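**Q** turn this into a model:
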Amino acid sequence: MVAADNLFAGSIPEIYDRLLVPILFEPYARDLAERLGALKPKTVLETAAGTGALTRALAARLPNITRIVATDLNQPMLDHAAVAIRAGGRINWHKADALSLPFEDAAFDAVACQFGVMFFPSKVEGYKEARRVLKPGGTFLFNAWDRIEANDFALTVSEVIVRMFPEDPSTFMARTPHGYHDPDLIRAQLSEAGFASSTAEPLEIEGVAASPREAAIAYCQGTPLRNEIEARDARRLEEVTRAVAAAMEKRFGAGPIKGRLRAYVVSATR
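**A** As a prediction, this is how the structure comes out:
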């Protein structure tokens, strides 16, 4: 992973929340919130909250007495989430690094992270921090994308980027969002971090985008992939977006499009 993989700034948070969240993150957020709800936690810490897809689902699913603390390393993402999500003050927003959490030991019943662990520079250190702030018997619940070949939209985008920049193709999609997909490795690193037990369950969901154009904008302009495109030639951002939209339409059709999403739901017990 390179430093720009964690850069969500400028117009990225707004595009990410408006277009990418409905396609990718809302279905998995509902699933994760249901799993957390079954645990009946009184205190929940969310790391790598982004623009709040899971935060919103947690607020809707968990009882009002549950305290939710949502954190992210990127202040622009948190700012967008705090404005967009009105939860009557029951959510506390904090800028925080998941590898160095500013909370006391054993402070939370559950820690949740939706599609954030792939961005951790050190997975084991991030897992150690999650374990540290969990109460004994507490649960760490998170998602990680499966390999890019099992995710139709991401694979289509990646193939276009390789074609558009053959001498210096961006590897962001395969390298980071889809670069941490070995369940055996994930469970081994959780064990190394001190978790007593863990499971990694594959979950396949159908992603839906309003149009090929919206899917293309979501990926090309609402993720750190935009940084890599602009680093190669900022003038070509719209050209690349159009090429991705054309590839999406060719593969999935016009109008609302559907594609396979596949990820792992990981649960670890302190």
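**Q** buried sites along stretch 93-104?
**A** Trp93, Ala96, Asp97, Ala98, Leu99, Leu101, Phe103 (16 or more other C-beta atoms under 10 Å). Any C-beta I mention is one placed from the backbone N, CA and C, and that applies to glycine too.
**Q** and the residue nearest to the spatial centre of the chain, what does it touch?
**A** The centre of the chain sits closest to Phe115, judged by C-alpha atoms, centre = their mean, with a distance of 2.9 Å. Applying C-beta atoms under 8 Å, 6 or more residues apart in numbering, we find Phe115 in contact with Leu24, Phe25, Tyr28, Ala48, Asn143, Ala144, Trp145, Pro177, Ala263.
**Q** for those residues, which one is nearest Val240?
**A** Checking the contacts of Phe115 against Val240 with C-beta to C-beta, the nearest one is Pro177 at 17.5 Å.
**Q** look up phi and psi at Lys42.
**A** phi -90, psi -20 (degrees, to the nearest 10).
**Q** and the one 4 residues further on, by the same measure?
**A** Note on Glu46: backbone dihedrals following degrees, to the nearest 10 are phi -110, psi 130.
**Q** what's opposite it in the beta bridge?
**A** Ala70, Ala112 (DSSP bridges).
**Q** show me what counts as buried in the helix or strand hosting Val266.
**A** Assigned by DSSP states H and E, Val266 belongs to strand 257-269. By 16+ other C-beta under 10 Å, the buried positions in strand 257-269 come out as Ile257, Gly259, Leu261, Arg262, Ala263, Tyr264, Val265, Val266, Ser267, Ala268, Thr269.
**Q** including pLDDT and distance to Asn151, could these go into TSV?
**A** Shown next, in TSV, are the buried residues of strand 257-269 (pLDDT from 0 to 100; distance: C-beta to C-beta, whole Å):
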residue	pLDDT	distance to Asn151
Ile257	97	14
Gly259	97	8
Leu261	98	6
Arg262	98	6
Ala263	98	8
Tyr264	98	12
Val265	98	15
Val266	98	17
Ser267	98	21
Ala268	98	23
Thr269	97	28
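**Q** which of these sit farthest apart?
**A** Ile257 and Thr269 (38.7 Å).
**Q** between the contacts of Phe115, which has the most around it?
**A** Among the contacts of Phe115, Leu24 has the most neighbours (other C-beta atoms under 10 Å), with 28 neighbours.
**Q** which SS class is the closest residue to it other than its chain neighbours?
**A** Excluding the flanking residues, the one nearest Leu24 by C-beta to C-beta, 6 or more residues apart in numbering is Gly207, at 6.0 Å. Assigned with DSSP: H, G, I helix; E, B strand; the rest coil, Gly207 falls in the strand class.
**Q** pairing partners for the helix or strand hosting Phe140, with directions?
**A** Here Phe140 sits within strand 134-145, counting by DSSP H and E. Paired strands of strand 134-145, with direction, are strand 108-113 (parallel), strand 257-269 (antiparallel) (DSSP bridges).
**Q** can you list contacts of that strand?
**A** Counting by C-beta under 8 Å, 6+ apart, 28, 32, 35-36, 39, 41, 106-118, 127, 130-131, 151, 154, 177-178, 180-181, 186, 190, 195, 262-270 sit against strand 134-145.
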